[in-house]
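Asker: With the input below, show me the fold.
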Amino acid sequence: MKNNNTSNYFTAEQGILPMFPSEILNVDDPVLMYDRFMEEIDLKKYIRYIPTRGAGRPRYNPVNMLKTIIYGFAEEGYCSFRKLEDNCRVNIRYMYLMNYEAPSYRTFCHFVKGFLKYSLKDIFYSITKELCGKL
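Answerer: Reported below is the predicted structural model:
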């Protein structure tokens, strides 16, 4: 006699991802080199003081947000915030930069308008100039 009360909580299409995105990326992946360069630059100097929140959801890491935005613009020339949101959900490189967090496009927009000291164009130029000086 078959018991019809049991349920399967899995499907054959489910995939198993590794715990860390760095396990998927090759050693020569450009995002790893980009992240290494960005660690050598003090990105906090481009970010205004961000007050701590007493209640609610914790903020996203502002340095990771800035790294992700700059990487998106460097990779695509102009990258919309909706495209950044989508990339943070499906692209393993963006997942690596954001530590598996996926901010919404409104969060990216709010971050750029409210928490950056300079325009993205000026920040990108300054970082490029600083990296060229280190090479």
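Asker: Could you report the distance from residue 41 to residue 59?
Answerer: 21 Å (Cβ to Cβ, to the nearest Å). Quick note: C-beta positions are derived from backbone N, CA and C, even for glycine.
Asker: Same question for residue 51.
Answerer: For residue 51 relative to residue 59 (Cβ to Cβ), the value is 9 Å.
Asker: more crowded one of the two?
Answerer: residue 59 (15 against 7; other Cβ atoms under 10 Å).
Asker: Can you tell me the SS state at the more buried one?
Answerer: Put simply, residue 59 is coil when judged by DSSP: H, G, I helix; E, B strand; the rest coil.
Asker: residues in contact with it?
Answerer: Going by Cβ atoms under 8 Å, 6 or more residues apart in numbering, residue 59 touches 50, 53.
Asker: Could you list the low-confidence segments of the protein?
Answerer: 1-23, 134-135 (pLDDT under 70).
Asker: rerun at 80
Answerer: Applying pLDDT under 80 to the chain picks out residues 1-27, 50-56, 131-135.
Asker: And for the closest residue to residue 101 other than its chain neighbours, the neighbour number?
Answerer: Of all residues not flanking residue 101 in the chain, residue 60 sits nearest, at 5.9 Å (Cβ to Cβ, 6 or more residues apart in numbering). By other Cβ under 10 Å, the residues close to residue 60 number 17.
Asker: got the phi/psi numbers for residue 60?
Answerer: phi -70, psi 150 (degrees, to the nearest 10).
Asker: how far away is the spatially most central residue of the chain from residue 130?
Answerer: With distances taken as Cα atoms, centre = their mean, the residue of the chain nearest its centroid is residue 98 (3.2 Å). Going from residue 98 to residue 130 by Cβ to Cβ gives 23 Å.
Asker: Residue 112 now?
Answerer: 20 Å.
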